[in-house]
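S.K.: structure for the following, please:
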Amino acid sequence: MEVKSFIYLALAGIIACTACGKNEGSNASPEKKEPTNASGQNGTAINSDTILNITYETGALNGGLADIVATKATASDAASLVSPGRSGNYAISHKVTLGDAGYYSNEAYRSEADAININEALFFPGQERRYEFSLYLKDWQQWNSANPPYGDNIFQLKVSGGDPVPVRLLTKRHAITVRYDATGNGIVIADFRPQINKWVDFRIDVKWTLDNTGYFKIYTKYQGEQDFTLRFQNLNARTFTGTQLSNGQKGYIKWGVYREAGEDSNGNVLLTDNVLTRIAYHDNIRIVKLN
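M.R.: The predicted structure is shown next:
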């Protein structure tokens, strides 16, 4: 009887372990994302180092945060929710059509979200931060070499007050490039065309400084990849470009589509880009405190 009992117990253990393995396998259902507080906001800190986490799983254009501005453009589809998102049910879509006043705001053809009104999400000299977001270039038409290579901004680390943008990512020709400070340029993705209509995860690590002890590093991860790849870095640099800190200047993030159209000698917009409409999705916007 003791031998039989031992066999029964061993079989029960094997069955239980097999069931555990199935639950943890690649066919397991994704964990349902629940609101992190009673107000239904997912866009809050999930640990002591996560400053901002916007997933759009609340089904709201502001990610469940009243202080997030989804867009200042007036067109009804300048900002909308799409499904599915990068890893959940929703992501935000920004759309801009050149020449249409509904997509013109803040003196440019743009539709961008920002977190300038969330104090914890701001950046200042002396801080070290990680910025993450996922990008989907929706049906992104190819640039025609017969036209000027205008840029389309897709993510910005800005400072208020009109100083040079510290770090911004944009598409130009068939590449995703980075512009930094007033004159810095670099290639992040040499040819993004194979990634059109696919999610690409971005990570930007920055040490914000007013002297040359700062840095920023840009990483990407394509669909199906497990790890981030370092694409571009700027070391031993001044990264906070603001010069008006005593007047309340602050750094903040923006994501969406900002189109750089040309101008004639009178300041009139030249609609010479062969692609009038651009659409980009963003999801999983996250800020992490590194120091």
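S.K.: which of the residues in stretch 111-125 are buried?
M.R.: 111, 112, 113, 114, 115, 116, 118, 121, 122, 123, 125 (16 or more other CB atoms under 10 Å). In this view, the C-beta of every residue, glycine as well, is placed from N, C-alpha and C.
S.K.: columns secondary structure on top of these, output as TSV?
M.R.: Shown next, in TSV, are the buried residues of stretch 111-125 (DSSP: H, G, I helix; E, B strand; the rest coil):
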residue	secondary structure
111	strand
112	strand
113	strand
114	strand
115	coil
116	coil
118	coil
121	helix
122	coil
123	strand
125	coil
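S.K.: in a markdown table: those residues, plus distance to residue 75 and pLDDT.
M.R.: Below are those laid out as a markdown table (distance: CB to CB, whole Å; pLDDT from 0 to 100):
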| residue | distance to residue 75 | pLDDT |
| --- | --- | --- |
| 111 | 8 | 98 |
| 112 | 13 | 98 |
| 113 | 15 | 98 |
| 114 | 18 | 97 |
| 115 | 22 | 97 |
| 116 | 22 | 97 |
| 118 | 25 | 97 |
| 121 | 26 | 97 |
| 122 | 28 | 97 |
| 123 | 30 | 97 |
| 125 | 37 | 97 |
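S.K.: mind putting the residues you listed into TSV with distance to residue 170?
M.R.: Output for the buried residues of stretch 111-125, formatted as TSV (distance: CB to CB, whole Å):
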residue	distance to residue 170
111	15
112	12
113	16
114	16
115	19
116	20
118	24
121	21
122	22
123	20
125	25
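S.K.: identify, from the residues you listed, the entry nearest to residue 63.
M.R.: residue 113 (8.4 Å; CB to CB).
S.K.: check what pLDDT residue 6 gets.
M.R.: We note a pLDDT of 39 for residue 6 in this prediction.
S.K.: then residue 272?
M.R.: pLDDT, residue 272: 62.
S.K.: ditto for residue 45
M.R.: pLDDT, residue 45: 37.
S.K.: and the one 5 residues further on, by the same measure?
M.R.: At residue 50, the pLDDT value in this model is 95.
S.K.: mind listing what the residue nearest to it when sequence neighbours are not counted touches?
M.R.: Nearest non-adjacent residue to residue 50, counting by CB to CB, 6 or more residues apart in numbering: residue 288, 5.6 Å away. If a contact means CB atoms under 8 Å, 6 or more residues apart in numbering, then residue 288 has 49, 50, 51, 129, 130, 131, 132 as its contacts.
S.K.: ditto for residue 218
M.R.: 169, 178, 188, 202, 203, 204, 230, 231, 232, 233.
S.K.: show me where this structure has helices.
M.R.: All helices of the chain, identified by DSSP state H, fall at 2-23.
S.K.: so where's it shaky on pLDDT?
M.R.: 1-48, 262-273 (pLDDT under 70).
S.K.: what residues sit buried inside stretch 86-99?
M.R.: 86, 88, 90, 91, 92, 93, 94, 95, 96, 97, 98.
S.K.: now for these: which two are most distant?
M.R.: 88 and 98 (31.5 Å).
S.K.: circling back to that earlier point, any of the contacts of residue 288 buried? List them.
M.R.: 51, 129, 130, 131, 132.
S.K.: pull up the gap between the second one and residue 102, please.
M.R.: So that's residue 129. Separation of residue 129 from residue 102 (CB to CB, to the nearest Å): 34 Å.
S.K.: next one: the third one
M.R.: Taking CB to CB as the measure, residue 130 and residue 102 are separated by 35 Å.
S.K.: now swap in the first one and tell me
M.R.: Using CB to CB, one obtains 33 Å as the distance from residue 51 to residue 102.
S.K.: just the last one next, same as before
M.R.: Distance from residue 132 to residue 102, counting by CB to CB: 30 Å.
S.K.: beta-bridge partners for residue 114, please?
M.R.: With DSSP bridges as the criterion, residue 114 is bridged to residue 69, residue 254.
S.K.: my guess is it contacts residue 254, does it?
M.R.: Yes - assessed by CB atoms under 8 Å, residue 114 is found in contact with residue 254 at 4.5 Å.
S.K.: give me the common contacts of these two.
M.R.: Common neighbours of residue 114 and residue 254 (criterion: CB under 8 Å, 6+ apart): none identified.
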